[in-house]
Structure formats: C-alpha cells, structure tokens
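Undergrad: Structure of the sequence below:
(chains A, B, C and D)
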2 protein chains.
Amino acid sequence: MVSIPHERVTILAVADRAGVSTASVSRVLNGDERVGLEIRQKVHSVVRELNYRPNAAARSLRSQATGQLALVVDDIANPAYLEIVAALQGVAQEGSYRLLLQSSGGSEAEELAILESLGQRYTDGLIMTSTRFGPDVQDALSTAPVPVVVIGSCLDIPVDCITVDAPEGVRGVVHHLVDGGCGRLAMVNGPGGTLPARSRLDGFLAGAADVFTPISAVLDGRDWTREAGREAAMAMLERQDRPDGLVCANDQLALGVLDACHELDIGVPGDLAVAGVDNTRDASVCRPRLTSLDLSFAERGRIAGRLLLDRISGAVADGPQRIRVDTSLHVRESSHLGGA
Amino acid sequence: MVSIPHERVTILAVADRAGVSTASVSRVLNGDERVGLEIRQKVHSVVRELNYRPNAAARSLRSQATGQLALVVDDIANPAYLEIVAALQGVAQEGSYRLLLQSSGGSEAEELAILESLGQRYTDGLIMTSTRFGPDVQDALSTAPVPVVVIGSCLDIPVDCITVDAPEGVRGVVHHLVDGGCGRLAMVNGPGGTLPARSRLDGFLAGAADVFTPISAVLDGRDWTREAGREAAMAMLERQDRPDGLVCANDQLALGVLDACHELDIGVPGDLAVAGVDNTRDASVCRPRLTSLDLSFAERGRIAGRLLLDRISGAVADGPQRIRVDTSLHVRESSHLGGA
DNA sequence: TAGGCTTGTGTAATCGATTACTCAGGCTCG
DNA sequence: CGAGCCTGAGTAATCGATTACACAAGCCTA
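TA: Take a look at the predicted model:
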C-alpha cells in the first residue's frame, strides 16, 4: 500500500462533490447559522468523506490571523524557562493556538532580528523573556506590529509586562537567613549590568540594611552558570571574614557554591547557610536540598499567555499593563541553621 | 509618539514607490540574477525605506511551503526532551525554519488529533517522540501529508526513525556494575507495557545472563517519577536478599532510589551501586552524582532535524531510514565501588 | 538586413480560503 | 395584489506573494 502523492483536496473539491458553492462550505465550517439543514449535513458528510482540512496559509492570508503565538527565550536550555514553555503551551492549546518557540541565544542582535521578522506576520502575538533591553530592542518592542508581552524586569517602555518583585523576594531571603541565626552575609550575583542582577542586588542590600547585618562580600559571577558559582565561592570562602549566610542570584550559581563547599569541606548548612533563586528542579534534587526563592515562572507564563490572547482578541484595549506576581520562598535543608 | 495603526506595506507598495513591477521586486528579493543593477538597487533602497517584509501567509500559500517544522513531545515538562527541543531549535534556526512545539500530554487521542491537523499544512515536516504507538497512530503516521521523523523506539511502519540501542546500552550498565564488584543485581523499571520499559528490561536481563549474576528483583514503577522510584526502592531494599547493584530505567526513578537509600541509611555507592538512564542534568546535580546511560537525545534531535530537512528538500528520496545512535555511559560517584 | 537569441521587464494567473454583494423566492402587511 | 422584508444561496472580489508567459530591445550571424 504505497501512499499516492495526495492530490490536494480544497474547498472547491468539497463544494463540487456536495453540489454547493464554496461559500456555503465555508459558512458551514465556520458555524454560520444561516445555512439550511440539508446543505449543512451534505457538507459535513463530504468533508468527512474527502478528509478535507482547510489550508492554514490561505486562511491566514484572508483572515489576517495566523492562529500562532511565539515565545522568545534567551536560552532554551535554561530549565527555569521550561516552566514558561510548558505553561504557555497549555494556554495556547486551550485557545486553539499553535506555539512557536524561538531562541535568541541571549544575543541582542538575534532578539532584534526576531522582532524585525514579526513584520512577516507569522504570528498573532509574542511573549518574550529578556534580561537586557538595549535602546534598539526597546524601540522595536514599542513599534511591534503585533501585541507583545514581556516576562521579566519592568521597563519604561509601553509594553505589557508580567513581573515579580524580585528585590522584595530577595529581601525576604535575607530576613530568613538572619532569622535563622546568620550574622555575616554575602552574595554571589550574576553578571553585573544585567537587569536581574541589579534587582537581586537591590533586594539583598535592602534586606541587609533592614537588620543591620554586616556584609562580607558581593561577587559578580562571570555568567549565571554553576561553574561561575563555584569560582566565586572559592574566592569568597577562603577569606578570613567568611560569611555564614550566602544568597545566590540563581540556583545554578548556588549549585556551584555547594560544589565549592564540598571541596573546601565547609558544612552546609552547619557552617554556611545557602539560598538560591528560581526554585528549579535542581533545588530539590541536590544535596543538601536548596532553599530557593520561587519567581513563579509557570504562573507568569500562564498570565502572560492569557493577557496576550486578550490583547489579540481586543478584549483588553487599555494601556500597557504591569502585572506583578508574588514570589514564594521554599525553605529546604541548605538554610536549616537550627536543625544542623 | 503614539504608534499609528500601521498601514500594511505590501509588495505592491514597494513596486509603486520604486516605479517597477511587483515581479521585479519579488525577483530582487529572491535573489533572481536576471534583474538589472539599477532596479535591484532601487528596490533594495525602497524596501529599507518602507521597512517592507514579505507576508508569510501569502508566501506559503503560493509556494506551498511554510518554513515551519513541528515537534511533538508527549510531555514538555520532561527535562530529557528539553535537549531535543534545544537541538532541534538550533537545526531549525540554521535552516531558516521556525519551530512549532506541540505537546500531546502522552494521550494517544491528542497525538492523533495533531497528526490529523497536519492536513492544514501549517508545517513542512514533523518530528515526534512517542512511547506507545496504537494502530490508529501508525496509520496516521504512514499516510501523513508531510515528512515525519520519529525519535524513539523502532516500529514496523515505514517511517524515518532515529533510535538508540537501549538494550545494548543497559547491558553495558550491567557489565559496568558487575565489573565494579556487584554480585547481586536488581532493577527498578518504568511502567510495564511501555516500549522503553520493555527494551530496558531486555538489556538488563541480557547483561545479567552474560555474566551469570543472580537477580534479586525487578520492580515496575507506577510511572517514571522520582516518587515511584522511592516507593519501589523502599519495597526492595528492606528485603533480606538485598541487591548490591541497582539499575534504574531512568534518572528520575534513580533519584527516588537515592532518596530511599538516604532514609534507610544505605550507603551509595558503599552498600549499593546505583545507575540511571537518560543522563539528565539531575544526574550531575544530585549527591552522590549519578552514573547514567546517555541516550543521546540531543544528538538524535539534531540528526532527526537534519534528516527532516533533507526529506523536505527532497535530498533524501529513499525508503524510510532507521538510524541508530550510540549510547554512552557516564560513570559518576554512585557506582564507584572501588572508590567507596 | 532579416531572422534568431539573449536579456530584462511587465502582465496576469495562481495558490485556497473568507465574505461583501447580489439575487431569487417566499412571506407579511397595507 | 404589489411593495418591502427576510432567508438562503451563489458570484466574484480579496488577501499578498510567486512565476509562467508575453514582449520589447539589443546583439549577433548569415
């Protein structure tokens, strides 16, 4: 049973076979009420018989809508974004949209290229995560030909934005550590100059100021990776004024810190309490399990998706929204000072 | 600076502005050599001036190609698939394709619906991972209107398939454990009846037979999760004839086993050597770090993508290919019997 | 110098759907 | 009984690109 090069079955073929006009077929398929019962049934039966499916390209060309959403992340391999992807996939499916996944690889040029390409109209809307917005990107965002929702740090430009109060959350982390008995804090941050690094630092400093706790060091990581965390920790933990409480700007950095502690034979949480940010799967897999601040990626993905759909349908017509989602601290072994 | 509801800039607008025909504009943009230098330059300058981008829908309608690939996974949240997604995203981007991500949630009905929907021609080709193929799905696969490549277990149906010799790999795991000194083996498998579970079991049994090592137990997990692994391990490790070498059908199950060992105060690898399958990030994050069999998801994703592109371009016209990729064993602490 | 070739450009058909407009027939109402 | 309205269905314009075909101009050759 070789599959014969399928001859295309178009709406015209259906119309002919059913002995009606293409208009009627289209109306039946799009649920137009004003079609007689007889025609309606005939069309349905022919559609089944010929296994007809409307051509997506023709439909979009005419209707000026693609039925597609796009998600741009700066690094697909980052497990934190996996939650956004999964959540968004769910929302898209519910709304009968397809989901396009694009990766900018963290490069601004690539981000710009993607935003430019929106002019091709292959998507009805875009969701974007980004850590850094240059003026070009800001410009492209505000003149985008389709609705855009940003997940991440707030900006001054008029774009919908689903954010969390990361500084407030990190501040809470500091309080948690101090409440547990830490008296000398430090931070391993991401690369300076990025928005997330800045906001986490702000929270850390605010928290430390709240409780008048001395800070022994703040080190910027080379990047956001485990290896960067290890390097920073190595440099930091061999000093005399070693901290007893350490906030890491994300879980990967924290994992690196745990590696370093292992090598240096520093007990966690006995000698040093550690906390991360993102609450990725890794946090509950590593040993000791990592206390981590959840930035609600899944929820933000869901909200972003819903908002985007509302924008597309015109259900929301107001100015740019700024939605702030709560963070939550997941306390695990790595900061159980009392229990050590 | 309010953004004015962008009037559409079509190829006709460009043609008018440049004082040439739409045909010429199209030719210039598609790199047709037979266009005079003057027109070529004029068109390029007008395109820049008007910021023109060809409409994707119109282009696909005419050219019968969408510039899109689709990936269907049965569970997006599964980190093992993340590697496929990332690899495929790379291949797609290289080939100037966009990547669609669809999730079947592991439901056969959903898979079927996705395959049916291919008739809408929103994609030029499909890559699919699946653990279970019912007759309907097989049928849909072999009559699909676009090329399809399957990543996973081989089938009898004529479809391109990128697979690994999982049994052979698992057999190697058994040899590794026995070489390290294990004398009594056990396995924690996934749910019976699934293809992956069957192939891993085959490999396990073959390996044990090779070396005449006694098997103390093979338990099927409720599913593929960490919790299922913990439950199975709890049941298994309290028995008298406790194994000293344990093969887990995936990393999540293995993590659960490690949890159980922790609770029961069984030393890994001292009292029990443990190995997993998939070599996910988790394997290098957990403690002890987990020895794991890499099933080369990333590589298979890459190969699948390339093959799909070749099918689409017609570069490969032969019958269905069956490509087998090598597995590799990543030895880590959890099976270092000598070093314990 | 006429006929044929090459080159460059324009005209218009085409892809497959949706929908504004048109029209025929049956109904109501003055 | 005819004007006006409603219903149901068909005709054809439309979306925005690509490309087969037509054709004009310039060049070469016999």
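Undergrad: Only C-alpha atoms from now on, for both contacts and neighbour counts.
TA: Noted.
Undergrad: Which residue does the stretch 201-340 of chain A have closest to DNA strand D?
TA: As assessed by Cα to the nearest atom of the strand, DNA strand D sits closest to residue A:312 within the stretch 201-340 of chain A, at 17.4 Å.
Undergrad: Wasn't that residue part of a strand?
TA: No: Residue A:312: not assigned to a strand; according to DSSP: H, G, I helix; E, B strand; the rest coil it is helix.
Undergrad: Can you show me the strands along the stretch 1-150 of chain A?
TA: A:68-73, A:98-103, A:125-130, A:148-152 (DSSP state E, counting those that start in this stretch).
Undergrad: Can you tell me which of those is packed in deepest?
TA: Greatest average neighbour count among the strands of the stretch 1-150 of chain A goes to strand A:148-152 (a mean of 25), per mean count of other Cα atoms under 10 Å in any protein chain shown.
Undergrad: So for residue A:112, what's the nearest residue that isn't a sequence neighbour?
TA: Spatial nearest neighbour of residue A:112, excluding adjacent residues (Cα to Cα, 6 or more residues apart in numbering or on different chains): residue A:137 at 5.9 Å.
Undergrad: That neighbour touches residue A:113, doesn't it?
TA: No: taking contacts as Cα atoms under 8 Å, residue A:137 lies outside contact range of residue A:113: 9.6 Å.
Undergrad: who's more crowded, those two?
TA: For residue A:137 and residue A:113, the more surrounded residue by other Cα atoms under 10 Å in any protein chain shown is residue A:137, and the numbers stand at 18 against 14.
Undergrad: Give me the pLDDT value at the more buried one.
TA: At residue A:137, the model reports a pLDDT of 91.
Undergrad: Tell me which residues touch it, please.
TA: Contact analysis of residue A:137 by Cα atoms under 8 Å, 6 or more residues apart in numbering or on different chains lists A:108, A:111-112, A:115.
Undergrad: Likewise for residue A:330?
TA: With contact set as Cα under 8 Å, 6+ apart, residue A:330 has these partners: A:279, A:291-294.
Undergrad: If we use 7 Å, what do you get?
TA: A:291-294 (Cα atoms under 7 Å, 6 or more residues apart in numbering or on different chains).
Undergrad: The residue in the stretch 151-300 of chain A that chain B sits nearest to: neighbouring residues, count only.
TA: Among the residues of the stretch 151-300 of chain A, residue A:286 lies closest to chain B, at 4.3 Å counting by Cα to the nearest Cα. For residue A:286, the neighbour count with other Cα under 10 Å is 21.
Undergrad: wait, doesn't residue A:311 sit right on residue A:147?
TA: Yes: contact criterion Cα atoms under 7 Å: residue A:311 and residue A:147 qualify, at 6.5 Å.
Undergrad: Distance check, the residue most central in space within chain A against residue B:110.
TA: Relative to the mean C-alpha position of chain A, the nearest C-alpha, by Cα atoms, centre = their mean, is the one of residue A:84, at 4.0 Å. Shown here: residue A:84 relative to residue B:110, a distance of 21 Å by Cα to Cα, to the nearest Å.
Undergrad: what residues does chain A put near DNA strand C?
TA: Applying Cα under 7 Å from any atom of the strand, one finds that chain A approaches DNA strand C through A:8-12, A:22-24, A:26-27, A:29-30, A:53-55, A:58-59, A:61-63.
Undergrad: sorry, back to before: now the contacts of residue A:330 in a markdown table, with pLDDT and neighbour count?
TA: Below are the contacts of residue A:330 laid out as a markdown table (pLDDT from 0 to 100; neighbours: other Cα atoms under 10 Å in any protein chain shown):
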| residue | pLDDT | neighbour count |
| --- | --- | --- |
| A:291 | 98 | 27 |
| A:292 | 98 | 30 |
| A:293 | 98 | 27 |
| A:294 | 97 | 20 |
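Undergrad: got a markdown table for those, with secondary structure and distance to residue B:305 too?
TA: Formatted as a markdown table, the contacts of residue A:330 follow (DSSP: H, G, I helix; E, B strand; the rest coil; distance: Cα to Cα, whole Å):
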| residue | secondary structure | distance to residue B:305 |
| --- | --- | --- |
| A:291 | strand | 39 |
| A:292 | strand | 36 |
| A:293 | strand | 37 |
| A:294 | strand | 34 |
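Undergrad: Burial check on the spatially closest residue to residue A:79 that is not a sequence neighbour, number of neighbours?
TA: What sits nearest to residue A:79 in space, not counting adjacent residues and going by Cα to Cα, 6+ apart, is residue A:280, at 6.9 Å. For residue A:280, the neighbour count with other Cα under 10 Å is 24.
Undergrad: Give me the mean pLDDT for stretch A:218-231.
TA: 94.
Undergrad: Likewise for stretch A:90-108?
TA: Average pLDDT, stretch A:90-108: 94.
Undergrad: what's that stretch in contact with?
TA: If you take Cα under 7 Å, 6+ apart as the criterion, stretch A:90-108 is touched by A:67-76, A:89, A:110-111, A:302, A:305-306, B:99-101.
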